[in-house]
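Peer 1: Provided below are the primary sequence and the corresponding predicted coordinates.
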Amino acid sequence: MNFSAWSIRNPVPAILLFVLLTAGGLLAFERLPIQNFPDMDLPTIKISAGLEGAAPAQLETEVARKIEDNLASLNLLDHITTTIDSGSVSMSVSFKLEKDSEEALNEVKNAVDSTTDLPAGMERPTVTKLNVQNSPLITYAVSSSRLNETELSWFVDNELTKMLLSVSGVGEVSRVGGLDREVHIDLDPQLMTSLGITADAVSSILRTVQSDRSGGLAEIGGTRQTIRTLAGVASIDALKALSIPLSSGRLVRLDEIGSVTDSFADRSSLAFLNGKPAIAVQVKRSNGFSDTGVATDVKAAMATFAKDNPDVSIVEAYDTVAPIEENYDGSMHMLYEGAILAVVVVWLFLRDWRATILSAIALPLSVIPTFLAMYFAGFSLNIVTLLAISLVVGILVDDAIVEVENIERHLQMGKSPMKAALEAADEIGLAVIATTFTLVAVFLPTAFMSGIPGLIFRQFGITAAVAVLASLLVARLLTPMMAAYMMKVHPVQQRDGRIMRTYMAVMKTCLSHRVYTMLGVAVFLGLSLSTIPFLKSGFIPISDNAQTKVTLTLPPGSTIEDTEHMSQRAAEISGKRPNIISIFTAVGSASSGGGLDVTTASNVASATLVVNLTPIGDRAVKQYEIEDDLRRSLAVLPGIRVEVGSGGNGTKLEIALAGDNADAVEQAAAALEEQLRTLKGIGAVTSSASLQAPEVRIVPDFARAAALGVTSETIANAVRVATSGGYQSSLAKLDLPERQIPIRVRLDPRNRMQLDDIANLRVSGAKGNVSLGALADVRMGGSPSQIKRIDRSRNVTVSVELNGRILGDVNREAHALPALQNLPEGVRVVEQGEVQRSSELFGSFALAMAIGVVCIYAVLVLLFHDFLQPVTILMALPLSLGGALLPLVVTGTSFSMPAVIGLLMLMGVVTKNSILLVEYAVMARRAGMERFDALVDACHKRARPIIMTTIAMGCGMLPVALSLGGGDSSFRQPMAIVVIGGLLTSTFLSLLVIPVIFTLVDDFLIFIRRPFGEIRTAGNPQ
């Protein structure tokens, strides 16, 4: 059925269809979330386990290994990554993307629950699926001149956090800095010794006394009542008056054996904005919500909240939304600019305002319905989908250009608009359908690529495919119909211009000298392939989002006061450098990674500085140059590890070494770290190999302890309670109207300053209390401050700041170093992070490209009913290779994800020109024309629309290639460079080479048919 003819004769249904699609698309556009990259429901499960005060080596043996062994047999497991710090175990269990995330969560929970023999003092590990974005969306600095720090901290935890969590899309609110209120009972050790009671005993008594208990039923007065025992006190004074029984039978008030104070827990974090102390509030969004939408709602709610609380100052410290908004605005500007340029090209060629309008209408009517499909598919307006739309702008106008140009050619023959539209649409129909389905055949396979790249490509492939299908719908239903009613007859005598005459002469020469033409093509292909070794490779190009991080790591054992001092010095030095706007400092948190891999861990010996830079349009230097300047400036800080860089995509190379022999792994990592520093042009090289943290070791004399009736568990409990209080979960609580405050019982902190203080601690035994030094050796020692494991083996990761260099280049140089060439036995390199995703990208790309070529061939076979002539069309693909790769080499751009997207798009685009030529030549031959004449006529009639569509597509992508939209263009530019370069060379060569290849394929077809023709002649002489 000829849809174009039906639409021309029945215009109302087509008009109504596009009115509905446009209205639906505009409504969907308003509801689409705006994000940086698409949300990814990754089958990655987090496990957290804690045992306060336990050393990493102890937790590795007693907790981590046991859980890892139970996880190892799970189906589709990818990596188990474990980080063990003092008192905590954090595990990340990642599965292949084929694994359903809910199924993965349930399997991991079952594996953890079945783990036996975990330490008695620890709570059950928590198992969660990450439903919140890793990076904070917005961070606020809160301060007050009226409230003290403890009151302000409770204000943030109670009122501000409640308000923020009520905002739709907010998934998590966390506090950095401030104080956690605690009641401290600091016991007098001398008095305790004289009374014959230990801190552990006081803590146990308080825990059993200071609590409300429920249980029992009564029936008094004919009604039923529950029974509660209300033993918990609700004030400090009542707590002081509590009576503590002694072994002698006497009672003593709690405040007689120690001081009872309303205090706060040991600081674990501090926050500063431009050197001024504050309490920071970090807001993260839930998956599925818009970055900009949630940020706007949070800012509006915060503005209202600040008005209602004038005594509190709330200032925005930094956000990660500004680069997303810039990219969104830049992409939309480039979409408009590309559309305008494409329409201008149509005008310059056709010089007919009616024809130009018809071509221009195709753009919005193709793009807007695409938003409707995106909405139903659950997509967002992110860097990938916006780029897909920006790059197909030229393609969307392509079908309309071909239709309009062909209709105008028929009008110039003197036909009426109705007749010209009917005949031209019918003549060009097969070519338009073939070109569109060719593009769909390229884009759709990308939606089934594996790994993280596949999740990103899925939205790209489907968005682009829907857009070109919408353009086909416009070209077949709307453009011919509108042309029939809008365009006017203007017959003119067609004369070829100088350019056309020159092209026809060169084309005929190529047809007459096919051998030389093909030799030239072979040379061109050889030169194209020779550029491949010079290509730089990576996963995602280095970004410039006007924000970077400085991570400081002090030696193990450093106090939070030491970290505060060094971070303030680092902030002061950084603030004096050019292009620095503001600095937010979080002391006690270590931020690592970026993009998909960002993690933040608590560590009082670490600090993270978030440095806001001058906007990209207001400075002449790149972000990595500013980072290099910061790195050199901060080198004066003594004895600390300094890492500069946001840790985002394309900024850091991480090489993970793993093995069962911890010493061998650390030696190999140390050698690699030393050799990596010899590489040119890189930034800092750091290793995750743990330094030795100081610790006090208590080694019991088992015979002596047994004689006194003291167990090692009793020793550990007595020491823990006396020095830091009991486990957080088992502390007694002071009941207040809105919350419970932990009560921490311990010896006076001044009595833990010397080893002798520890040795003099009293321990309960069968024959009374005895000093710790009488039954154990108390001495100083050391143990790893942190242990990292991957896939059940010890792991050390060596990180290299790329400092503007390409990931693939540095990775290649690193693997050529002797340290990696000659790894010790049992030590292996584990591919993870960007290196792993880069490998996945190129492996998946090769498969997607192969599937795309097969799909293109299948579509062409079905449309042309021929198995060999589609090969002619496919020959346009290698002709585009040189133009695609050479600009990457010349500009030093890496062959990364955006370049891969561009190459995939190019595959579909370059076949369009070949289809236009070949389809016309095939139809002319079927009408009885000789081969040479058919090819000459095809080139003559189709050269103009081919040139028009190529220039329109090139101009449509030009703003992307030149980065005229503002913001960070690192992701967009490589794609447009590949497409424009490949498009120009393939178009030029296709117009000359495709006719020659057509004749060669046709000669081969005649050759293989000849024997069958002779057999038919012999069997049927008439």
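Peer 2: It's in. Residues are numbered from 1 along each chain as shown.
Peer 1: quick one: end-to-end length of stretch 40-56, please.
Peer 2: According to CA to CA, to the nearest Å, stretch 40-56 extends 32 Å from its N-terminal end residue to its C-terminal end residue.
Peer 1: what's the average pLDDT for it?
Peer 2: Taken as a whole, stretch 40-56 has an average pLDDT of 82.
Peer 1: stretch 167-187 now?
Peer 2: Regarding stretch 167-187, the rounded mean pLDDT is 88.
Peer 1: gap between it and the chain center?
Peer 2: 29 Å (CA atoms, centre = their mean, to the nearest Å).
Peer 1: mind listing what's buried along it?
Peer 2: By neighbour count on 16 or more other CB atoms under 10 Å, the buried set for stretch 167-187 is 167, 169-173, 175-187. All C-beta spots, glycine's among them, are computed from the backbone N, C-alpha and C.
Peer 1: from these, which land in strands?
Peer 2: Assigned to strands by DSSP state E, the following of the buried residues of stretch 167-187 qualify: 170-173, 175-176, 181-187.
Peer 1: how about the residues you listed in a markdown table, adding distance to Asn545?
Peer 2: What follows is those, written out as a markdown table (distance: CB to CB, whole Å):
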| residue | distance to Asn545 |
| --- | --- |
| Val170 | 22 |
| Gly171 | 22 |
| Glu172 | 22 |
| Val173 | 23 |
| Arg175 | 25 |
| Val176 | 21 |
| Arg181 | 38 |
| Glu182 | 40 |
| Val183 | 45 |
| His184 | 44 |
| Ile185 | 49 |
| Asp186 | 48 |
| Leu187 | 53 |
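Peer 1: tell me which of those is nearest to Ala684?
Peer 2: Val176 (24.7 Å; CB to CB).
Peer 1: in space, what's closest to the closest one - neighbours in sequence excluded?
Peer 2: On the basis of CB to CB, 6 or more residues apart in numbering, the spatially nearest residue to Val176 that is not a chain neighbour turns out to be Ala280, at 3.9 Å.
Peer 1: can you name the residues bridging to that neighbour?
Peer 2: When bridges are assigned using DSSP bridges, the partners listed for Ala280 are Ala141, Val176.
Peer 1: separation between it and Arg9?
Peer 2: Summarising the geometry, the distance separating Ala280 from Arg9, computed by CB to CB, to the nearest Å, is 68 Å.
Peer 1: so between these two, which is more surrounded?
Peer 2: Taking Ala280 and Arg9 together and counting by other CB atoms under 10 Å, Ala280 has the greater number of neighbours (27 against 11).
Peer 1: the more buried one: what's it in contact with?
Peer 2: Ala280 sits next to Thr139, Tyr140, Ala141, Val142, Arg175, Val176, Gly177, Ala271, Leu273, Ala317, Phe584, Ala586 when contact means CB atoms under 8 Å, 6 or more residues apart in numbering.
Peer 1: now the residues you listed as a markdown table including distance to Asp660?
Peer 2: As requested, the contacts of Ala280 are exported to a markdown table (distance: CB to CB, whole Å):
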| residue | distance to Asp660 |
| --- | --- |
| Thr139 | 41 |
| Tyr140 | 46 |
| Ala141 | 46 |
| Val142 | 48 |
| Arg175 | 40 |
| Val176 | 38 |
| Gly177 | 41 |
| Ala271 | 41 |
| Leu273 | 46 |
| Ala317 | 44 |
| Phe584 | 41 |
| Ala586 | 36 |
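Peer 1: just the buried residues of those.
Peer 2: The neighbour-count test (16+ other CB under 10 Å) marks Thr139, Tyr140, Ala141, Val142, Arg175, Val176, Gly177, Ala271, Leu273, Ala317, Phe584, Ala586 as buried among the contacts of Ala280.
Peer 1: among those, which one sits closest to Val604?
Peer 2: Here the nearest of those to Val604, counting by CB to CB, is Ala586; it sits at 11.7 Å.
Peer 1: correct me if wrong: that closest one contacts Arg175.
Peer 2: No. Taking CB atoms under 8 Å as the definition, Ala586 is not a contact partner of Arg175, at 10.8 Å.
Peer 1: return the member of the buried ones among the contacts of Ala280 nearest to Arg942.
Peer 2: Using CB to CB, Thr139 is the member of the buried ones among the contacts of Ala280 that lies nearest Arg942, at 58.1 Å.
Peer 1: what angle separates the helix or strand hosting that closest one from strand 170-176?
Peer 2: Secondary-structure assignment from DSSP states H and E places Thr139 in strand 138-144. Going by axes from the mean of the first three to the mean of the last three CA atoms, to 10 degrees, strand 138-144 is angled at 40 degrees with respect to strand 170-176.
Peer 1: residue contacts, the residue lying closest to Met163 once chain neighbours are set aside?
Peer 2: The shortest distance from Met163 to any residue other than its chain neighbours is 5.4 Å, reached at Phe305 (CB to CB, 6+ apart). If a contact means CB under 8 Å, 6+ apart, then Phe305 has Leu160, Met163, Ile314 as its contacts.
Peer 1: could these be laid out in JSON lines, adding distance to Leu411?
Peer 2: Compiled in JSON lines, the contacts of Phe305 are given as follows (distance: CB to CB, whole Å):
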{"residue": "Leu160", "distance to Leu411": "69"}
{"residue": "Met163", "distance to Leu411": "66"}
{"residue": "Ile314", "distance to Leu411": "67"}
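Peer 1: and which of these is nearest Val830?
Peer 2: Taking CB to CB as the measure, Val830 sits nearest to Leu160 out of the contacts of Phe305, at 42.0 Å.
Peer 1: A helix includes that closest one, no?
Peer 2: Yes. With DSSP: H, G, I helix; E, B strand; the rest coil as the criterion, Leu160 is located in a helix.
Peer 1: from memory it sits against Leu152, does it?
Peer 2: No. Counting by CB under 8 Å, Leu160 sits too far from Leu152 to count as a contact (9.7 Å).
Peer 1: give me the common contacts of those two.
Peer 2: Among the neighbours of Leu160, those also in contact with Leu152 (CB under 8 Å, 6+ apart) are Val142.
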